[in-house]
Structures are given as C-alpha cells and as structure tokens.
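Chemist: Below are the sequence and a predicted model; questions follow.
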Amino acid sequence: MRKWLKKCTPPGIPLRGELSFLLLGNLCALLLSFGFLANYHTARMSLFDFIGGKRVLIEEAQIADFTELIHRTLWGFAVVALAMTGMILYHYFYYRQGSKSIYLMKRLPNPWELHLRALALPLAAILATVLLAVLIRFLYFVLYLLATPKECLPPQVWQQLWRLP
Amino acid sequence: MLEITHLIKSFGTQRALDDVSLTLPQGQIVGLFGANGAGKTTLMKSILGFHPYHGQITLDGAPITPKNISRLSFATSEHSFFPNLTAAAHRDFYREHFPRFSDKRFRVLMDFFELPAHKPLRSFSTGQKNQFEVILALCQGADYILMDEPFAGNDIFNREDFYKVLLGILEPHETVLLSTHLIEEVSDFIGRAVLIRHGKIVGDVTAEQLEEEGKSLTAYIKETYHYRNDRVLRVLEDMSEEDRL
C-alpha cells in the first residue's frame, strides 16, 4: 500500500502529512455528521408526550423528513473533498519548490507520470470521502427507518434517501 | 543528429530566439556561449519541449516526443532533482523511468565526488547539488546531454575535476551541449563553440578551425561579439572628467 502511495504522489512529498490531513479531515466531518443524531433525537422526542411520567406516542404525529434532519450535517465531507482540489494544486506547485523538478517530470518518457502523481491521491481521497459520506447517509437512513415508530414515518419515505433538501 | 531549423521563440513582443538553425551531430562537446539573456537557456528549453516555439527541432529526423525524449538529458543550475529525496532514491526513480540509466557510471561518479547516497538532496551544499545534477544527466543514458550553467557555485578544483571526468567517461556517441560563462576553463575540452547573441546564432566554430587560425576561444568570442577593450577605460575617464568639472 505504501509503495503504491509513493508511486502515486510527487516523489519526496511528505506522505504522512497528507494522509494525516485526509484522516483528520474525514474524522472532523464524521464528528460533524453526528449532528444528525442530535437532530433525530429531538425530532423523535417530539413524537411523544409525557403523561404521568409515561411516554405516550402522540396520535397522528409524524417525524420530520430525513432530508431536513440530515441537512448540513454532511457538509464536512464536502469541505474535505474541496480541500483535496487544493491538494492537487499543491502537488503541481511542489515541483517548483526548492528546485525545478518540473523539468524532470516534463521530460519523462511517460508523459502522464506528472499528472498521475499530482492527481491520483487527491482524486482517490475525493472518491473515498464521497463514498464515506454516502455510507454514513445510508446508515443514518437505516437508523431513521428502524428507530422511528412505523406510523410516524412520512409517506414515501424511501424517496428521501438520496433527495437533497 | 539533433537538428534545429528556423527556430523562433517569443515571449510576448520580445523575440528570445530569432530564426535559429543549428545541427548537433553525435559525439561532440559543444560550448554554447552568450551574454545573459542572449537565449542560451531558452534554446535548451525549446529543444526539451518546455516552451512552445515556431520552427522545427528533430532528433534523427523525428520530432522530439515522449517516444524519444529519453535520448535527451538536462542539467540545470536551477536543479531538476527532488530536494526531499536521497541520491539513492533518485537512482531508483531514474532506473524506473529511463531504461538506459547507467548504474555503473552513477556509482563511479558518486564515489568520485564523494557524495552521500542516503542523505536528502536538500542537505547537500550548492556545489554538491550541482555535481549531483550533472551526475544524473550523465547517467540517464541519453545521447544528447544538455547542460545549462551546471557549475554555478562550484569552486575551481571541483570544476577542473569535473572536466577531466567528463572527458574520461563520455562514450563516442554522446554529445554534450554546455552553456557556460567560464570560457577560458572549457576552451581546452570543447570541440566546437556556438555563439548566440540577441537570440541569433552569431558564431559557430570548431576547435580545429580556431587552431588553424591561431586564435584563442576568448579572442574569437570577443571578436564575434565586437567587444571593445577600451570600454571600461572610457567609462573611468568619463567619470573622472565629470568629477573634475
């Protein structure tokens, strides 16, 4: 894996730093996504009344839409993906830092080597970030479906899985 | 044979190379001389395809493309290595990308210049960096080795060592195009001198021709450049006259 990563990044770039940045970014995005759990908890609690210390489901109560609850809580992943485009620029700029290794990269027999090494890691990171966001959205949706009393789910609830707010 | 025909390169309205035509057969050591801004670096960068240009540059009749680019190597005073990599890591990188990379030559030159193999290049002195830049260019396995001011920052002993090594290791098919200001130093080991001025080739002479004419390379360059020996004296006289007034 490390060998592959070294072949797909500019030679000599501090790889550990880039991977740490990527992991930290996604970790922050994940923490931010927990906002959904807070939103969901509040929405679920509003379905109930407390009568005599007992929790009673309000008649015809309906939980807020999934899209409404998840709104903005996955934006952290978008920010990470956007930061990866910055990493692409940094990779191209790297060949002009401290020397002009761009001259070597430009005269390699494989003309794609320069672009491969500049783009591969950030694009893979964008893909991984998007997949993580999709997976988390799906898991939250499953939670929304399973933890909400069936009678309180909005009609055509499955359509909300990928719908944007 | 590297053939440059009617090469024109402009930066905005400024013409850096003006109808340059030049032929470099294999097996020559060619000095490229000219004042700062004359077009030496632009010529080399155009050959390597770093700049778009008008005209034609061919290698044995074929345009220079990724297919034959490995037949050209380049050493520049700007340095084209990766500062964070070690010399050994550079060797591996070159091996991977240039199939004709010479391990043996690399080992010999590294030993000769006593360069550390496992230290990142950024920790090298300027002189060592220049040496390593040249080593890479010489070991790539190229037929045409372009060197742009490769010794800027090296001391005289270092440079002399290098000239000797260069003469000793070059194969008969290898051509060196060397751009430098150190005319006197290289005069003994180049076989041909090309002079460039304001983007035009203004002189092209072989060592034999100079020998026949009984001229030194410095004299030839000064003559071709219309260098006025009394220039400095005149300025000093003008200044002292102004002071008197």
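Modeler: Now that the structure is in, tell me what you want to look at. Numbering: from 1, shown residues only, chains lettered A, B, ... in the order given.
Chemist: All the helices of the chain, residue numbers only.
Modeler: No chain was given, so I picked chain A. Taking DSSP state H as the test, the helices found in chain A are A:2-7, A:15-33, A:35-45, A:66-70, A:75-94, A:102-106, A:113-147.
Chemist: if you could check chain B rather than the one you did, that'd help
Modeler: B:40-47, B:87-97, B:103-112, B:126-139, B:156-169, B:183-186, B:207-213, B:217-224, B:231-244.
Chemist: so can I have a markdown table of the ones you listed showing distance to chain A and mean neighbour count?
Modeler: For glycine as for every other residue, the C-beta is placed from the backbone atoms N, C-alpha and C. Output for those, formatted as a markdown table (distance: least, C-beta to the nearest C-beta, whole Å; neighbours: other C-beta atoms under 10 Å in any protein chain shown):
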| stretch | distance to chain A | mean neighbour count |
| --- | --- | --- |
| helix B:40-47 | 8 | 23 |
| helix B:87-97 | 5 | 18 |
| helix B:103-112 | 15 | 15 |
| helix B:126-139 | 8 | 22 |
| helix B:156-169 | 20 | 14 |
| helix B:183-186 | 23 | 15 |
| helix B:207-213 | 30 | 12 |
| helix B:217-224 | 28 | 16 |
| helix B:231-244 | 35 | 9 |
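Chemist: returning to that earlier point: and the helices of chain A as JSON lines, adding mean neighbour count?
Modeler: Below are these laid out as JSON lines (neighbours: other C-beta atoms under 10 Å in any protein chain shown):
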{"stretch": "helix A:2-7", "mean neighbour count": "11"}
{"stretch": "helix A:15-33", "mean neighbour count": "15"}
{"stretch": "helix A:35-45", "mean neighbour count": "16"}
{"stretch": "helix A:66-70", "mean neighbour count": "20"}
{"stretch": "helix A:75-94", "mean neighbour count": "17"}
{"stretch": "helix A:102-106", "mean neighbour count": "21"}
{"stretch": "helix A:113-147", "mean neighbour count": "17"}
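Chemist: among the ones you listed, which gets the worst mean confidence?
Modeler: If you rank those by mean pLDDT, helix A:2-7 sits at the bottom with a mean of 82.
Chemist: Need the CA coordinates for that helix. CSV is fine.
Modeler: Provided in CSV are the C-alpha atoms of helix A:2-7 (Å, rounded to 0.1, in the frame of the first residue of the first chain):
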residue,chain,number,x,y,z
ARG,A,2,2.8,2.4,1.0
LYS,A,3,4.7,1.5,-2.2
TRP,A,4,1.6,2.2,-4.3
LEU,A,5,1.0,5.5,-2.5
LYS,A,6,4.6,6.5,-3.1
LYS,A,7,4.2,5.8,-6.8
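Chemist: Now chain B against chain A: closest residue?
Modeler: Nearest residue of chain B to chain A: B:Asn84, at 3.1 Å (C-beta to the nearest C-beta).
Chemist: Got phi/psi on the residue in chain A that chain B sits nearest to?
Modeler: Nearest to chain B in chain A, going by C-beta to the nearest C-beta, is A:Gly12, at a distance of 3.1 Å. Backbone torsions of A:Gly12, given as degrees, to the nearest 10, read phi 90, psi 0.
Chemist: thought it was touching B:Asp92?
Modeler: No: using C-beta atoms under 8 Å, A:Gly12 is not in contact with B:Asp92, being 11.9 Å away.
Chemist: What parts of chain A come near chain B?
Modeler: For chain A, the residues found near chain B under the criterion C-beta under 8 Å from any C-beta of the partner chain are A:10-14, A:97-104, A:106-111, A:113.
Chemist: coming back round to it: contacts only, for the closest residue to the residue of chain B closest to chain A other than its chain neighbours.
Modeler: What sits nearest to B:Asn84 in space, not counting adjacent residues and going by C-beta to C-beta, 6 or more residues apart in numbering or on different chains, is A:Gly12, at 3.1 Å. For A:Gly12, the contact set (C-beta atoms under 8 Å, 6 or more residues apart in numbering or on different chains) comprises B:82-85, B:89, B:120.
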